[in-house]
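**Q** coordinates only, no sequence provided:
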């Protein structure tokens, strides 16, 4: 038995040794092949008859990058082969496309961006964006995007070289080529933060095209990229107007409705991106007025406010309701949100554990109260708004900003006899008196003003 065991053990050792030798041999062969390909790329490519060998060498580099990206990138840098790519990018169509593909793969490695820049490849790549070869456009777009990512100086050079015009033209010429459109969207998302890029984009049909793309987008990754670009563009007044004229409000509303039955996390990310875009767009009261009176949209938002399984969805829906009130400051929007049963959710939002959401809700409710308290006071009473605000004021952990905004809302509520009476019965006055000595001067002043309003109202009702 021991001999059999020893034999089996010896066989296993031999097999492992054989596998190790095989791996070493393959690695050596791979390295030899890579070095041969690099050598040919450095010195080859002089004759058109050499095209097959060039393509073979470029394919060999692609394979080596797939097997070991970091080792291959290091050898590419050491071999000083990158400057030769300028020749191949401008050579025959087949070699040019393959060279662009190799560069796009090389640029995935963060450490290779500087060598690509030092080799002067970006100025060579830019004119290739005017190609009519869609495969070339795809690889060139990826290469430029990866090399220039997070490099403001290079990005400014791209804008100066009218790359914006090329990116928009490509999307307009090939709207059904999804990979190509996505690459150009990513490039725009990287460039759009630049003021020069926004100015350049305002002279194109980008607003109209992006709205069209958003309407037909059916994959969350593309939706998010489009929304990210749109949100950045909406920071520019000219582009914001162009987006409005292209129907961006309707397109985003349609997107929200398309997401209505989804419970996928990635779609919820799209909802977050959509809500951020709407907040950006709502810097204009007209957009808020339009969206804030859309019954289908409001109904969907209120439904999402009730979402128990997705806290993120609930939070974003509440934020949108608050934004509609804050930016429209419209009696019609107040009534529409009240009719949709949305006010109670804003009251709940005011007691959220997140300070930002609390303040957004408190400001929105104060604006709604100042616009038309009569419409919503019944909902306030049902949701126990006065009592909830009083708890916020009594809680020592409540921050100064929340207390300040809470008192501001109370000042509006005191205009209703019923709500003022609720405040008196809940002994809000005593709490306000204590807050007059608050360490934060703004809170103290706000509390004093609220007390004066409360006392004035009390005198009026006594008369």
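**A** Nice, I can see it. These numbers were taken from a predicted model, which means no experiment stands behind them. Numbering: from 1, shown residues only.
**Q** how close does residue 355 sit to residue 403?
**A** 11 Å (Cβ to Cβ, to the nearest Å). Just so you know, the C-beta spots here come from the backbone N, C-alpha and C atoms, and that holds for glycine as well.
**Q** look at these two and report which has more neighbours.
**A** Ranked by neighbour count (other Cβ atoms under 10 Å), residue 355 and residue 403 place residue 403 first, with 23 against 12.
**Q** need the nearest residue in space to the more buried one, chain neighbours excluded.
**A** Leaving aside its chain neighbours, residue 403 sits nearest to residue 443 (5.0 Å; criterion: Cβ to Cβ, 6 or more residues apart in numbering).
**Q** quick check: the one you found vs residue 171, distance?
**A** From residue 443 to residue 171 the distance is 52 Å (Cβ to Cβ).
**Q** what stretches of the stretch 1-150 of the chain score poorly on pLDDT?
**A** 1-31, 44-49 (pLDDT under 70).
**Q** quick one: the helices in it?
**A** Along the stretch 1-150 of the chain, the segments classed as helices by DSSP state H, counting those that start in this stretch run 2-43, 51-67, 69-79, 85-89, 93-106, 113-118, 121-125, 134-148.
**Q** mind putting those into CSV with distance to residue 209 and mean neighbour count?
**A** Converted to CSV, the helices of the stretch 1-150 of the chain look like this (distance: least, Cβ to Cβ, whole Å; neighbours: other Cβ atoms under 10 Å):
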stretch, distance to residue 209, mean neighbour count
helix 2-43, 38, 12
helix 51-67, 33, 18
helix 69-79, 35, 17
helix 85-89, 28, 21
helix 93-106, 24, 23
helix 113-118, 29, 17
helix 121-125, 23, 19
helix 134-148, 16, 23
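**Q** to residue 255, which of these lies closest?
**A** helix 134-148 (25.2 Å; Cβ to Cβ).
**Q** helix or strand right after the closest one?
**A** Next helix or strand after helix 134-148 toward the C-terminus (DSSP states H and E): helix 152-160.
**Q** what's the angle from that next one to helix 134-148?
**A** 140 degrees (axes from the mean of the first three to the mean of the last three Cα atoms, to 10 degrees).
**Q** any idea how far helix 152-160 is from the chain center?
**A** 22 Å (Cα atoms, centre = their mean, to the nearest Å).
**Q** who are the packing partners of that helix?
**A** helix 121-125, helix 134-148, helix 178-191, helix 195-201 (3 or more Cβ pairs under 8 Å, 6 or more residues apart in numbering; DSSP states H and E).
**Q** in that helix, what's buried?
**A** 155, 156, 158, 159 (16 or more other Cβ atoms under 10 Å).
**Q** then stretch 390-400?
**A** Across stretch 390-400, burial judged by 16+ other Cβ under 10 Å covers 390, 392, 393, 394, 398.
**Q** same check on stretch 204-213?
**A** For stretch 204-213, the neighbour count (16+ other Cβ under 10 Å) marks 204, 206, 207, 208, 209, 210, 211, 212, 213 as buried.
**Q** need those residues in a markdown table (columns: pLDDT and secondary structure).
**A** A markdown table is the format used below for those (pLDDT from 0 to 100; DSSP: H, G, I helix; E, B strand; the rest coil):
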| residue | pLDDT | secondary structure |
| --- | --- | --- |
| 204 | 95 | coil |
| 206 | 95 | helix |
| 207 | 93 | helix |
| 208 | 93 | helix |
| 209 | 93 | helix |
| 210 | 93 | helix |
| 211 | 92 | helix |
| 212 | 92 | helix |
| 213 | 90 | helix |
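**Q** which regions of the stretch 251-400 of the chain lie under the pLDDT threshold?
**A** 259-285, 287, 309-310.
**Q** which parts of it are helices?
**A** Using DSSP H, counting those that start in this stretch, helices in the stretch 251-400 of the chain cover 265-281, 285-291, 295-305, 311-328, 331-339, 343-350, 355-382, 385-394, 400-413.
**Q** got the ones you listed as JSON lines, with distance to residue 138 columns?
**A** Shown next, in JSON lines, are the helices of the stretch 251-400 of the chain (distance: least, Cβ to Cβ, whole Å):
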{"stretch": "helix 265-281", "distance to residue 138": "24"}
{"stretch": "helix 285-291", "distance to residue 138": "35"}
{"stretch": "helix 295-305", "distance to residue 138": "37"}
{"stretch": "helix 311-328", "distance to residue 138": "34"}
{"stretch": "helix 331-339", "distance to residue 138": "45"}
{"stretch": "helix 343-350", "distance to residue 138": "45"}
{"stretch": "helix 355-382", "distance to residue 138": "41"}
{"stretch": "helix 385-394", "distance to residue 138": "55"}
{"stretch": "helix 400-413", "distance to residue 138": "49"}
